[in-house]
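Trainee: have a look; sequence and predicted model below, questions after that.
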Amino acid sequence: MAMNPIQFQSGLSMVAFVEQYGTEAKCRRALYRARWPQGFRCPACSDRRRSTFRRDRQTYYQCRACQHQTTLIAGTLLSATKLPLRTWFIAIYALTSTKTNVAALELMRTLGVCYRTAWRLKHKIMQAMTDREETRQLAGFVQLDDAYLGGERNGGKRGRGSENKQPFVIAVSSDEALEHPRFAVIEPVRSFDVSAMIDWGHRRLAPQAEVFTDGLWCFRRFADANHAHTVLQTKGGRAATQVQGARWVNIVLSNVKRAIGGRYHAIRQAKYARRYLAEAAYRFNRRFRLREMVPRLVRAIMLCGPCPESSLRLASNFLH
């Protein structure tokens, strides 16, 4: 069997990572390039002219046009951090160099920080991933399925009615032959009903996307939005996952569930499923260029606004 060139990419080795980001100065330069790739821009007036000065061991940039003062991390996800930048970069590397996931407990031991700090770091980075995936739309041929996170609660309902399950939609776009997956959207929904699917399709499907599903009744509404809809004839069981038009969505779904179920003892899917699922989608959608994962995520972090712990813990799986 031929080796898959995407799967067998060399990626960014630990040695190369240390060479590129092994000191505070190198991390600062990487953040500067990520925030201002074309050179300094004042966040208030966009002027390029600036002067610098030091205060409280912090470098400040002052715009010469409007006198606005800022720092490298002000107004970003790193705003007000007390951690060394190297700690952030090691966390970024840990979350992007794995094919599965890294639990906050494992991150705590890797970074040498307390659990609360590791949890906050992980969720902030996942929030940056989530922000980057919010506007993604799938075009072309889209394989789509319904799924759930969580399991039966002791003494609770079984199956789809379980109070401990979070429904989500997983969709994978592919080429015309349905042989090669391109991009994925993995997102929680309130329920599998008509209104939820209409809203999801409006946000996540490009106008000319063609949809392949197992015929769940709420999926049939995609045809009302002028999407070509093919209902796949499946007989259940393992054979159903190999049907052309459903194979890749089932493979990705299996990988996502294995990564989450095999790494975490438990997650609060009722609050944080959106981040965990977006993390999986983020890595999948950037699998073509593994060596660029770190700088691309650093860029996402610098574009993401401040997210204090109180906001992280008040999360919702739904946009509205």
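Mentor: Yes, it's here.

Trainee: for Arg28, the count of nearby residues, please.
Mentor: The local packing of Arg28 (other CB atoms under 10 Å) involves 14 other residues. From N, CA and C alone the C-beta is placed, and that goes for glycine too.

Trainee: count of residues packed around the closest residue to Phe17 other than its chain neighbours?
Mentor: Of all residues beyond its chain neighbours, the one nearest Phe17 is Tyr93 (5.3 Å), with distances taken as CB to CB, 6 or more residues apart in numbering. The criterion is other CB under 10 Å. On that basis, Tyr93 has 20 neighbouring residues.

Trainee: contacting residues around the helix or strand hosting Tyr93?
Mentor: Assessed by DSSP states H and E, Tyr93 sits inside helix 85-96. The set of residues that contact helix 85-96 without belonging to it, under CB atoms under 8 Å, 6 or more residues apart in numbering, is 12, 14, 17, 21-24, 27-28, 30-31, 78, 81, 102, 107, 110-111, 113, 121-122, 125-126, 279, 283, 293-294, 297-298, 301.

Trainee: what do you get if the cut-off is 7 Å, keeping everything else the same?
Mentor: Counting by CB atoms under 7 Å, 6 or more residues apart in numbering, helix 85-96 makes contact with 17, 21, 24, 27-28, 31, 78, 102, 107, 110-111, 121, 125, 283, 293-294, 297-298, all of which sit outside it.

Trainee: distance check, the residue nearest to Phe17 against Pro207.
Mentor: For Tyr93, the distance to Pro207 under the criterion CB to CB, to the nearest Å works out to 38 Å.

Trainee: and Met302, what element?
Mentor: When secondary structure is defined by DSSP H and E, Met302 falls within helix 293-303.

Trainee: what do you get for Ser195?
Mentor: For Ser195, the host element (DSSP H and E) is helix 194-204.

Trainee: same question for Glu279.
Mentor: Using DSSP H and E, Glu279 sits in helix 269-285.

Trainee: for that helix, list the C-alpha coordinates in CSV.
Mentor: Listed next in CSV are the C-alpha coordinates belonging to helix 269-285 (Å, rounded to 0.1, in the frame of the first residue of the first chain):
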residue,chain,number,x,y,z
GLN,A,269,-19.9,18.8,26.8
ALA,A,270,-22.9,20.8,27.8
LYS,A,271,-20.7,23.9,28.1
TYR,A,272,-17.4,23.3,26.3
ALA,A,273,-18.3,20.9,23.4
ARG,A,274,-18.0,23.8,20.9
ARG,A,275,-14.3,24.3,21.7
TYR,A,276,-13.4,20.6,21.8
LEU,A,277,-15.0,20.0,18.5
ALA,A,278,-13.6,23.1,16.9
GLU,A,279,-10.1,22.0,18.1
ALA,A,280,-10.6,18.7,16.1
ALA,A,281,-11.8,20.6,13.1
TYR,A,282,-9.0,23.1,13.3
ARG,A,283,-6.3,20.4,13.2
PHE,A,284,-8.0,18.4,10.5
ASN,A,285,-8.5,21.5,8.2
